[in-house]
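1. Here you go, sequence then predicted model.
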Amino acid sequence: MESQQLKQLVKDKIDDMKGRDVIELDVRGKSSITDTMIICSGNSKRHVSSIAENVMVEAKKAGHAPGSVEGKETGEWVLVDFGDVILHVMQDETRDFYQLEKLWS
């Protein structure tokens, strides 16, 4: 799957699960591990985990299984690594604390 299609799929699946404040960051030239980071917020630990799970299931159906997933047990911050695209699903407090948008922009 081409990364433009993957980015759209990820954003669509976040939207399906009512994820909030979706931001797409182009980190080419700033990061050696990925080209794009997509960050969104969930309302609770369960919501954060559900958003990440939905994106993983749907991406896998489309032939793009994630390389690794971290944080799903705790639900504060779930990272889903698709290679060219990394998804961060976070609770508001965690997102405010780490401020990835500022870090990578």
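-> Right, received. Where do you want to start?
2. Just give me how far the helix or strand encompassing S49 sits from the chain centre.
-> Element membership for S49, per DSSP states H and E: helix 45-61. Centroid separation between helix 45-61 and its chain, computed with Cα atoms, centre = their mean, to the nearest Å, is 9 Å.
3. got a list of what the residue nearest to the spatial centre of the chain touches?
-> By Cα atoms, centre = their mean, the chain has its centre lying nearest to L87, at 1.8 Å. Contacts for L87 (Cβ atoms under 8 Å, 6 or more residues apart in numbering) come out as 10, 14, 37-40, 52, 55, 78-80. Where C-beta positions appear, they are placed from N, C-alpha and C, glycine not excepted.
4. Dump these to CSV, plus distance to T94 and neighbour count.
-> Below are the contacts of L87 laid out as CSV (distance: Cβ to Cβ, whole Å; neighbours: other Cβ atoms under 10 Å):
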residue, distance to T94, neighbour count
V10, 19, 26
I14, 16, 23
M37, 15, 22
I38, 16, 22
I39, 11, 21
C40, 12, 25
A52, 13, 29
V55, 18, 28
V78, 10, 26
L79, 11, 17
V80, 15, 24
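5. Looking at these, which one is closest to L100?
-> I39 (5.7 Å; Cβ to Cβ).
6. Tell me which helix or strand the closest residue to the residue nearest to the centre of the chain other than its chain neighbours sits in.
-> In this structure, L87 finds its nearest non-sequential neighbour in V80, 4.2 Å apart by Cβ to Cβ, 6 or more residues apart in numbering. Per DSSP H and E, V80 falls inside strand 77-81.
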